[in-house]
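Asker: take this sequence and fold it.
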Amino acid sequence: MNRWTDTEIPDQSGRIAVVTGANTGLGYETARVLAEHGAIVVLACRDTDKAKDAADRIRTPAPDATIDVAELDLGALTSVREAAAAIRDRYNRIDLLINNAGVTGLTGTTADGFEIQWGINHLGHFALTGLLLDRIVAAPAGRIVTVSSIGHRFGRIDADDPAVPTGNAYARSKLANLLFTYELDRRLANTRAIAAAAHPGGASTEIFRYSPACFRLPNLAIARLFGRTPAMGALPTLRAATDPDVKGGEYYGPAGLFEIQGYPVRVESSARSRDVRRQGRLWDVSEELTGVRYSFG
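Answerer: The predicted structure is shown next:
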């Protein structure tokens with residue numbers, strides 16, 4: 001079995017990485033490892049105080065790490081636009097964009113009226129990526145990695161009208177992450193950038209904190225049973241982000257049974273996520289809903 005670990009990450013010195021939801025869990029571990037390997041890391045988080053605390057924790061063992069903080073609330077498109085503008089002002093290129101932040105178990109709507117998991121997990125990241133796209137394409141080998149989930153296999157998205165809520169909201173948003181990744185990579189074909197995806201398997205993180213106990217406790221028990229710490233859960237994202245052999249449109253997750261545990265390898269997503277018609281229709285609807293139009297010129 002392939003035992004890829006962060007010791008195989010090439011030197012990231014000089015590379016600029018933006019990681020959403022980087023103050024805790026998978027995002028924190030992803031940002032920490034990238035910073036320890038020399039990257040300039042932007043922690044894009046809703047709570048800037050927590051982000052600054054995370055930056056201090058990263059610097060404790062790596063005092064030379066360069067960490068920046070950007071305020072980003074993926075549940076408010078105004079905030080997404082402001083965050084993108086602030087990042088664009090600071091950096092003329094972005095080598096890595098890690099669309100990591102996510103929620104599950106929340107009910108209600110975003111500031112813009114979208115179902116909250118759909119709005120944060122998919123639409124917020126769709127908008128952020130589009131607003132930063134020219135900076136990513138400007139990098140010598142820009143890469144966009146979006147974090148999905150095993151749960152995408154239970155997701156349902158109407159092929160004609162992706163905006164219609166169907167089935168489990170979290171699974172739907174994670175399916176959208178993959179549909180978005182595959183369509184994005186196809187549209188990046190004439191650039192130097194690629195898009196890939198990853199999932200953590202079973203990992204004990206704060207993403208379940210809003211879930212009902214009947215859902216949260218079994219997930220955390222499974223994660224702990226298999227030793228899936230946030231550090232282990234972040235490895236598929238880190239491989240998708242840094243392995244020189246990664247190709248556009250690939251998807252990484254744990255190698256073990258049911259992709260719950262193990263070291264990161266290339267894995268296959270559901271047939272539904274590979275539906276080109278759904279990918280294209282979701283793209284069009286996402287541009288309409290967010291008001292963010294992508295330009296690949």
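Asker: for the longest helix anywhere in the chain, packing partners?
Answerer: Longest helix of the chain, by residue count under DSSP state H: helix 169-187. Here helix 169-187 touches helix 116-117, helix 125-137, strand 143-147, strand 194-198, helix 276-290, going by 3 or more CB pairs under 8 Å, 6 or more residues apart in numbering; DSSP states H and E. In this view, the C-beta of every residue, glycine as well, is placed from N, C-alpha and C.
Asker: if we go to 10 Å?
Answerer: strand 96-99, helix 116-117, helix 125-137, strand 143-147, strand 194-198, strand 251-254, helix 276-290 (3 or more CB pairs under 10 Å, 6 or more residues apart in numbering; DSSP states H and E).
Asker: can you show me the helices along the protein?
Answerer: 25-36, 48-59, 77-90, 116-117, 125-137, 169-187, 213-225, 230-233, 235-242, 276-290.
Asker: then the longest one to CSV, C-alphas only?
Answerer: These are the backbone C-alpha positions of helix 169-187, laid out as CSV (Å, rounded to 0.1, in the frame of the first residue of the first chain):
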residue,chain,number,x,y,z
ALA,A,169,-28.0,18.9,1.9
TYR,A,170,-24.5,18.1,3.0
ALA,A,171,-24.1,15.2,0.4
ARG,A,172,-25.5,17.5,-2.3
SER,A,173,-23.0,20.2,-1.5
LYS,A,174,-20.1,17.7,-1.6
LEU,A,175,-21.3,16.3,-4.9
ALA,A,176,-21.3,19.9,-6.2
ASN,A,177,-17.7,20.2,-5.1
LEU,A,178,-16.7,17.4,-7.5
LEU,A,179,-18.9,18.5,-10.3
PHE,A,180,-17.4,21.9,-10.0
THR,A,181,-13.8,20.6,-9.9
TYR,A,182,-14.2,18.5,-13.0
GLU,A,183,-15.8,21.2,-15.0
LEU,A,184,-13.3,23.8,-13.8
ASP,A,185,-10.3,21.6,-14.8
ARG,A,186,-11.8,21.1,-18.3
ARG,A,187,-12.1,24.9,-18.7
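Asker: hang on, the earlier thing: which parts of the longest helix of the chain are buried?
Answerer: 169-185, 187 (16 or more other CB atoms under 10 Å).
Asker: rewinding a little: and the helices of the chain: which comes nearest V103?
Answerer: Closest to V103 of the helices of the chain is helix 116-117 (CB to CB; 5.9 Å).
Asker: in CSV, list the helices and strands packed on helix 169-187 along with distance to G75 and mean neighbour count.
Answerer: Output for the helices and strands packed on helix 169-187, formatted as CSV (distance: least, CB to CB, whole Å; neighbours: other CB atoms under 10 Å):
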stretch, distance to G75, mean neighbour count
strand 96-99, 14, 29
helix 116-117, 7, 23
helix 125-137, 11, 22
strand 143-147, 17, 28
strand 194-198, 21, 27
strand 251-254, 26, 25
helix 276-290, 12, 17
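Asker: done for today, thanks.
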